[in-house]
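**Q** turn this into a structure:
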Amino acid sequence: MTKFLFTLNMPSSQGSVEDSGRWSKLVHQVIGEHPAPTLAALKQIIDQDDYIVVTQMYKTPKRDGDGKMVWETRDDVIINMQHVGKVQKYEDRSNQYDTYRGYAEPKYR
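**A** Predicted structure coming up:
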């Protein structure tokens, strides 16, 4: 199974409404595992149907012995590809913060 990051053109449930009444987060991201081994293979599957089924994955604050994040598997979810603006293969970069742009720790707002 390969992890993919789907960016959907729809508000996130974690989005907040600004003073102007507009959504501050107009995208929703889903990390899902799918049997397609590559992005090209997933594209072929997407081209055949407007809906695909993925196993939804959530990051946990836990780390394994190598320092990589531990994932929590949720139930399968159907994604309507007509709402997807971008799909990319998900890569765990949790251990790269020490070299990423010179930061020692991840920067959160």
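**Q** ok, A36 - how many residues close by?
**A** Neighbouring residues of A36 were enumerated by other Cβ atoms under 10 Å; the total is 19. (Each C-beta comes from the backbone N, C-alpha and C, glycine too.)
**Q** name the nearest residue to it, sequence neighbours excluded.
**A** Of all residues not flanking A36 in the chain, L42 sits nearest, at 3.9 Å (Cβ to Cβ, 6 or more residues apart in numbering).
**Q** may I ask which helix or strand encompasses the one you found?
**A** helix 39-48 (DSSP states H and E).
**Q** what is that helix packed up against?
**A** strand 2-8, strand 51-63, strand 84-89 (3 or more Cβ pairs under 8 Å, 6 or more residues apart in numbering; DSSP states H and E).
**Q** put together TSV for these, with mean neighbour count and mean pLDDT on each row.
**A** Listed next are the helices and strands packed on helix 39-48 as TSV, based on neighbours: other Cβ atoms under 10 Å; pLDDT from 0 to 100:
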stretch	mean neighbour count	mean pLDDT
strand 2-8	18	93
strand 51-63	13	90
strand 84-89	14	93
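**Q** same list (those strands) but as a markdown table, adding distance to V30.
**A** Shown next, in a markdown table, are the helices and strands packed on helix 39-48 (distance: least, Cβ to Cβ, whole Å):
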| stretch | distance to V30 |
| --- | --- |
| strand 2-8 | 5 |
| strand 51-63 | 6 |
| strand 84-89 | 9 |
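**Q** nearest to D75, out of those?
**A** Taking Cβ to Cβ, strand 51-63 is the member of these nearest to D75, at 6.8 Å.
**Q** who does that closest one touch, helix- and strand-wise?
**A** strand 2-8, strand 28-34, helix 39-48, strand 69-80.
**Q** what do you get if the cut-off is 6 Å, keeping everything else the same?
**A** For strand 51-63, the packing partners by 3 or more Cβ pairs under 6 Å, 6 or more residues apart in numbering; DSSP states H and E come out as strand 28-34, strand 69-80.
**Q** contacts for it, please.
**A** Residues from elsewhere that reach strand 51-63 (Cβ atoms under 6 Å, 6 or more residues apart in numbering): 31-34, 69-72, 74, 76-80.
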